[in-house]
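Chemist: fold the following for me, if possible:
(one chain, ligands or ions: 1)
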Amino acid sequence: MTKGGRKPLIAGNWKMHNNHFEALALTQQLAFRLTAKDYDAVDVVVLPPFTSLRSVQTLVQGDKLRLRYGAQDISPHADGAYTGDVSGRMLAKLGCGFVLAGHSERRHYHGEDDALVGAKVRAIVANEMAPVLCVGEPLSVRRGDEYLEYCLRQLDAGTDGLSAGQASGMIVAYEPIWAIGTGEVAAPEDAQEVCAAIRQRVSGRHGPEVGAAVRILYGGSVKPDNMPGIMAQPDIDGALVGGASLDYEGFVRICRYRETYA
Ligand code: 13P
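Modeler: Predicted structure coming up:
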């Protein structure tokens, strides 16, 4: 079920949920359920809060799970007097393979602008982790006709200064803000339109090989029942799942979307 050689990736963004005990329980429940067949078909990633990363690492490494994990944020700085921040070196040392950058909740609640998001992406790749760069428009922009330009501007700023090699390893997540946590999933064709434009832009800036290699996810009210329609789109390579990733049964069903393909 790969498209153009791109392995689907399904990431659970736990947001500010699950203390480290709860994170251990959820990781174990996923480990019980997910099979070699699942992992062969999709890359499954969890993104716990910082305080749960060490616990998840212990289970994943101790039991040699094929589940992968990463962080929800990163400091743009390598190290120094930045109280409360967490560096890329710290995350890489914990075995993180992925880090989110530019999630709309960071942009909104923490005032993160495109320049800061770009700096975070560079900090992620500098530590040999894969950035999951989030882009997406608010409802007011979706109602106009500039939503593609809006998302592409965020993409350009977020990938500023990346080499072709670094760009091909990145993941872009299209998350329309009006679909996050609202239960209002984007129509698959609308999500496809933006994801195709993202791929075209990556091809234009970094070359067609990079455009063909980069994995593009959709995020926003993804659930087991709407996942097959989303994954039927040619430029959508997976999902960034919020609320539904906190329920292991639902998350596993999302990972098995291919079984409900018509
Ligand atoms: P929901 O799946 O809860 O809509 O959240 C999407 C999201 O923000 C994932 O990063």
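
Chemist: and the contacts of stretch 157-171?
Modeler: For stretch 157-171, the surrounding residues in contact (Cβ atoms under 8 Å, 6 or more residues apart in numbering) are 9, 98, 101-102, 114-115, 117-118, 121-122, 125, 130-133, 135, 202, 205-207, 209-210, 213-217. The C-beta positions use only the backbone N, C-alpha and C, and glycine is treated the same way.

Chemist: how about the contacts made by the closest residue to the ligand within the chain?
Modeler: Nearest to the ligand, among the residues of the chain, is Gly242, at 2.2 Å (Cβ to the nearest ligand atom). Residues counted as contacts of Gly242 (Cβ under 8 Å, 6+ apart) are 13, 15, 180-181, 219, 222.

Chemist: Glu22: which element?
Modeler: Using DSSP states H and E, Glu22 falls within helix 20-33.

Chemist: if we check the ligand, which of the contacts of Gly242 are in contact?
Modeler: 13, 180-181, 219, 222 (Cβ under 6 Å from any ligand atom).

Chemist: so among these, where is pLDDT lowest?
Modeler: Across the ones next to the ligand among the contacts of Gly242, the bottom pLDDT score, 89, is held by Gly181.

Chemist: ok but it is inside a helix, no?
Modeler: No: Gly181 is assigned coil when assessed by DSSP: H, G, I helix; E, B strand; the rest coil, not a helix.

Chemist: what is the burial count for it?
Modeler: Gly181 has 12 neighbouring residues, counting by other Cβ atoms under 10 Å.

Chemist: got it, and Asp225?
Modeler: Asp225 - counted by other Cβ under 10 Å - has 13 other residues nearby.

Chemist: cool, Cys255 as well?
Modeler: There are 28 residues near Cys255, going by other Cβ under 10 Å.

Chemist: can you pull the residues of the protein lying near the ligand?
Modeler: Within the chain, the positions near the ligand by Cβ under 6 Å from any ligand atom are 13, 103, 175, 180-181, 219-222, 240-244.

Chemist: could I have the buried ones of those as PyMOL selection syntax?
Modeler: Typed into PyMOL, the line below selects the buried ones among the residues of the chain next to the ligand, using 16 or more other Cβ atoms under 10 Å:
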select buried, resi 13+103+175+180+219+220+221+222+240+241+242+243+244
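
Chemist: can you flag which of the contacts of stretch 157-171 belong to helices?
Modeler: With helices defined by DSSP state H, the entries of these inside them are 114-115, 117-118, 121-122, 125, 202, 205-206, 209-210, 213.

Chemist: circling back to that earlier point, among the residues of the chain next to the ligand, name the ones in helices.
Modeler: Using DSSP H, none of these sit in helices.

Chemist: returning to that earlier point: report the two of the contacts of Gly242 separated the most.
Modeler: The span of these, defined through Cβ to Cβ, is set by Lys15 and Val222 at 13.8 Å.

Chemist: what ranges do the strands span in this protein?
Modeler: Using DSSP state E, the strands assigned to the chain run over residues 9-13, 43-47, 68-71, 98-101, 130-135, 171-174, 215-219, 238-241.

Chemist: just checking: what are the partner strands of the fourth one?
Modeler: In the sheet, strand 98-101 lines up against strand 68-71 (parallel), strand 130-135 (parallel) (DSSP bridges).

Chemist: thanks again, I'm all set now.
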